[in-house]
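Peer 1: just to be clear, the model below is a prediction. Sequence and coordinates:
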Amino acid sequence: MQTRTHDLLRTYVARHNHGVATGDFGPMLQLFAPTAEVHFADIPFGPFIGRDAIAEEYAVHPPIEELTLLDIQEYEGAVHASYGWRSAPQTVAGVIHARIADGRIVRWEIQFTVAAAP
């Protein structure tokens, strides 16, 4: 069953991919709460606290690879999804752990299973 949380995650990926293609991550950033946190679990990068800090990092270090969702599991107030890079969509590149509140992302944690995009 697809829920609002699933929809938010799919919207995030669509807006992320739009940002990679156009350089405009503004629509994606609006999905984050003003006090959201972004953490990278296995690389020395971040954390970024607050939507403004997240936006600054996307401006300085924009992603270069589009994402594709492979699997989504929803838990109370949270969603976990494996993802791949658009260039290798069947290969798991990592896992996203997100907490959602009031229709916004409040915590976004990324774990990579590979070090970088192809």
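Peer 2: Now that the structure is in, tell me what you want to look at.
Peer 1: mind listing the helices for this protein?
Peer 2: 4-22, 26-29, 51-60 (DSSP state H).
Peer 1: the closest residue to Glu57 other than its chain neighbours bridge partners, please.
Peer 2: Nearest non-adjacent residue to Glu57, counting by Cβ to Cβ, 6 or more residues apart in numbering: Phe48, 5.2 Å away. C-beta here means a position set from N, CA and C on the backbone, and glycine is covered the same way. Per DSSP bridges, the residues bridged to Phe48 are Val38.
Peer 1: what sits against Phe48?
Peer 2: Glu37, Val38, Ile54, Glu56, Glu57 (Cβ atoms under 8 Å, 6 or more residues apart in numbering).
Peer 1: would you write a ChimeraX line that selects the buried entries of these?
Peer 2: Here is the ChimeraX command that selects the buried residues among those (16 or more other Cβ atoms under 10 Å):
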select :37,38,54
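Peer 1: and the contacts of Phe48, which two are the farthest apart?
Peer 2: Glu37 and Glu56 (14.1 Å; Cβ to Cβ).
Peer 1: if I look at Arg10, how far off is Ile96?
Peer 2: Distance, Arg10 to Ile96, by Cβ to Cβ, to the nearest Å: 12 Å.
Peer 1: which one of the two is surrounded by more residues?
Peer 2: More crowded of Arg10 and Ile96, by other Cβ atoms under 10 Å: Ile96, with 20 against 14.
Peer 1: which residues touch that one?
Peer 2: Leu9, Val79, His80, Ala81, Ser82, Tyr83, Trp108, Glu109, Ile110.
Peer 1: just send the residues you listed back as JSON lines, with distance to Pro27 too.
Peer 2: Listed next are these as JSON lines, based on distance: Cβ to Cβ, whole Å:
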{"residue": "Leu9", "distance to Pro27": "15"}
{"residue": "Val79", "distance to Pro27": "19"}
{"residue": "His80", "distance to Pro27": "23"}
{"residue": "Ala81", "distance to Pro27": "19"}
{"residue": "Ser82", "distance to Pro27": "24"}
{"residue": "Tyr83", "distance to Pro27": "19"}
{"residue": "Trp108", "distance to Pro27": "16"}
{"residue": "Glu109", "distance to Pro27": "21"}
{"residue": "Ile110", "distance to Pro27": "19"}
